[in-house]
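[1] Kindly return the folded structure for what I paste below:
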Amino acid sequence: MRDVVLKKEMKFPNAKVFRAALREYVIKKPIDIKFKLNERTKISVHCKNVCGWRCYASQISGELTFQIKTLTDDCNCPKSFKNSQAKSAYVAKRFIEDFSKNPNWETEMTDETSQPKFKRMYVRFNAQKVGFLGGCRPFVGLDGRPEEFQLVFISDRQKGLIPAIETLFPTVKHKYCVKHIYNNFKVDHKGLELKDALWRCAAATTSKDKPILAMLEWIRVRLMTRLYIKREGIEKDAGKLCPSIQDKLEKLKVESKPFSATPAGSFLYEVAS
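    Sure thing, here's the model as predicted:
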């Protein structure tokens, strides 16, 4: 997380992300802060030198999302090389992200014919390069016969598109746009935390220690086995209710013994202890 900017009403997926952004921001400024509140649902900090800089953020009701509610972004304290947020764990993580053990460093010069000037540097593991080049496919190309190419069509789940692509391009892969999927997903699942989780799933090529297809097959077998075990258990039970529901009912019967119910109308009772 680099070049962090904090603004009033800015949102973060959760408190952890906000704390990380706040740490990066105050180290870069720099501002040595003190926490007035550091709770699960609200965080309030101010400059240790009491110059007026302060920031308050809290959790949005019904979501994990954190939002900055107050930000007085004016610190005129003299620059200091001491900052309580620049701890050893932060420094170690920062340098681990910047430097890789891969010895194949690649650089780019602005003009090979003139005096070389450093422009940028690219560091990667060889497996990343091979996987990127081997796994990427071009998007829709309309010149020539699509069957001759390894193409991928990407679209929303509009009913007319699906059979049309299957009919016209039967050998071409057809994927669905995550943005359109998210528009339906967010109706019942709100918040930046769930949005980021959906995009991480969409970008994943492996799940835990297995490739996606192998993981799906593992899940299918687990579900099939679980359903079989549940079915076997139900068939052995002679009751009219599932065993777990029957257990809950028996527990409620015991808990309701101190109470009495007096009829007060059609399916209406007055309960007293």
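
[2] Spell out, range by range, the strands that occur in the stretch 101-250 of the chain.
    For the stretch 101-250 of the chain, the strands defined by DSSP state E, counting those that start in this stretch occupy 106-109, 118-122, 152-155, 173-176, 206-207, 210-211.

[3] any idea of the mean pLDDT in the longest one?
    Spelled out, that is strand 118-122. For strand 118-122, the mean per-residue pLDDT is 55.

[4] what's the answer for the fifth one, then?
    The average of the pLDDT scores along strand 206-207 is 60.

[5] can you start the count at 409 instead of 1 from here on
    Done: numbering now begins at 409, and the last item shifts to strand 614-615.

[6] gap between stretch 635-654 and the chain center?
    The chain centre lies 37 Å from the centre of stretch 635-654; the measure is C-alpha atoms, centre = their mean, to the nearest Å.

[7] as a whole number, average confidence for that stretch?
    83.

[8] can you list the domains in this protein?
    The chain is divided into the following domains under automatic domain parsing: 419-506, 540-611, 614-644, 651-680.

[9] Just give me the lowest mean pLDDT stretch among the ones you listed.
    Mean pLDDT per stretch puts domain 540-611 lowest among the domains of the chain, at a mean of 73.

[10] Determine how far that one lies from the middle of the whole chain.
    Worked out by C-alpha atoms, centre = their mean, domain 540-611 lies 20 Å from the chain centre.

[11] again with stretch 440-451
    23 Å.

[12] Please list the outside residues in contact with that stretch.
    With C-beta atoms under 8 Å, 6 or more residues apart in numbering as the test, stretch 440-451 has contacts from 423, 426-427, 430, 434, 452-457, 463-467, 474, 485, 488, 490-493. Placement of C-beta: from N, CA and C, glycine included.

[13] Let's see which of those residues end up in helices.
    Ala423, Phe426, Arg427, Leu430, Val434 (DSSP state H).

[14] What degree of burial does the nearest residue to the first one once chain neighbours are set aside show, as a neighbour count?
    In other words, Ala423. Nearest residue to Ala423, sequence neighbours excluded (C-beta to C-beta, 6 or more residues apart in numbering): Phe474, at 5.4 Å. By the measure other C-beta atoms under 10 Å, the count of residues near Phe474 is 26.

[15] measure Phe474 to Asp645 for me?
    47 Å (C-beta to C-beta, to the nearest Å).

[16] again with Ser492
    Taken as C-beta to C-beta, the span from Ser492 to Asp645 is 61 Å.

[17] Same check on Lys603?
    From Lys603 over to Asp645 (counting by C-beta to C-beta), the distance is 43 Å.

[18] Check Asn491 too.
    Asn491 is 64 Å from Asp645, by C-beta to C-beta.

[19] In terms of neighbours, single out the busier of the two.
    Higher neighbour count among Asn491 and Asp645: Asn491, with 18 against 11, using other C-beta under 10 Å.

[20] for that one, what are its contacts?
    Per C-beta under 8 Å, 6+ apart, neighbours of Asn491: Val434, Ile435, Pro438, Ile439, Asp440.

[21] can you do 10 Å?
    Arg431, Val434, Ile435, Lys436, Lys437, Pro438, Ile439, Asp440, Ile441, Lys456, Tyr498 (C-beta atoms under 10 Å, 6 or more residues apart in numbering).

[22] hang on, isn't the third one packed against Ala494?
    Yes. With contact taken as C-beta atoms under 10 Å, Ile435 and Ala494 are classed as touching, separated by 5.3 Å.
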